[in-house]
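> need coordinates for the following:
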Amino acid sequence: MESKHRLFVYGSLRSGFQHEAYKYLTAHFTFLGEGKVRGKLYYNGSVPVAKPTDEPVYLIGELYELNHPDDYSWVFSQLDDYEGLNTMPGEQPAYRREPVRVDLPDRTLISWIYWYNDSVEGMEPIASGDLYAFIKSLPKP
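Next up is the predicted model:
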């Protein structure tokens, strides 16, 4: 299957979060494995954001493959909406979807990823690159 039919997720769509949107993901995609991509992860207090980098630092996440290639346009338009790519004229999208190399334990594949499309100034960097581990380590309110 083509690389455009894969999606790498590092935030709310990861299985551990059991976010409502995860149900959508599992309805249309098959889990391929845990992986990592070059990138820096930040937390603004409510949502994770990631920026690409050439540095040897990684985002930890999960790779999925679309079950039915004919559903590509519809499924990814829904994901684009969820990630804030569909904006009003003149507004900057919150994220952008780009291809990325995903390193799995046994191979490297190309996939889509959603990168944050704005400044991360003042946001807390997550050195581990693993949002799920970071959130679980936060003190309970």
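> only C-alpha atoms from now on, for both contacts and neighbour counts.
Noted.
> so when I look at Tyr132, I'm seeing a helix, right?
Yes. Assessed with DSSP: H, G, I helix; E, B strand; the rest coil, Tyr132 lies in a helix.
> that one against Phe17, yeah?
Yes. Using CA atoms under 8 Å, Tyr132 makes contact with Phe17 at a distance of 7.3 Å.
> the more surrounded of these two?
Tyr132 (17 against 14; other CA atoms under 10 Å).
> for the more buried one, give me the pLDDT.
With respect to pLDDT, Tyr132 scores 80.
> equivalent analysis for Glu2, please.
pLDDT, Glu2: 66.
> how about low-confidence regions in the protein?
1-2, 141 (pLDDT under 70).
> against Val37, how distant is Pro99?
11 Å (CA to CA, to the nearest Å).
> now do the contacts for the spatially closest residue to Leu59 that is not a sequence neighbour.
With sequence-adjacent residues excluded and distances taken as CA to CA, 6 or more residues apart in numbering, Leu59 is closest to Gly129, at 4.3 Å. When contacts are counted by CA atoms under 8 Å, 6 or more residues apart in numbering, Gly129 touches 39-41, 57-60.
> could I get those as JSON lines with distance to Asp81?
Formatted as JSON lines, these follow (distance: CA to CA, whole Å):
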{"residue": "Gly39", "distance to Asp81": "23"}
{"residue": "Lys40", "distance to Asp81": "23"}
{"residue": "Leu41", "distance to Asp81": "21"}
{"residue": "Val57", "distance to Asp81": "28"}
{"residue": "Tyr58", "distance to Asp81": "26"}
{"residue": "Leu59", "distance to Asp81": "22"}
{"residue": "Ile60", "distance to Asp81": "23"}
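> which of these lies closest to Ala21?
If you rank the contacts of Gly129 by distance to Ala21 using CA to CA, Ile60 comes first, at 18.9 Å.
> helix, strand or coil for the closest one?
Ile60 is classified as strand under three-state DSSP.
> OK, contacts around it?
Contacts of Ile60 by CA under 8 Å, 6+ apart are 10, 34-37, 129-131.
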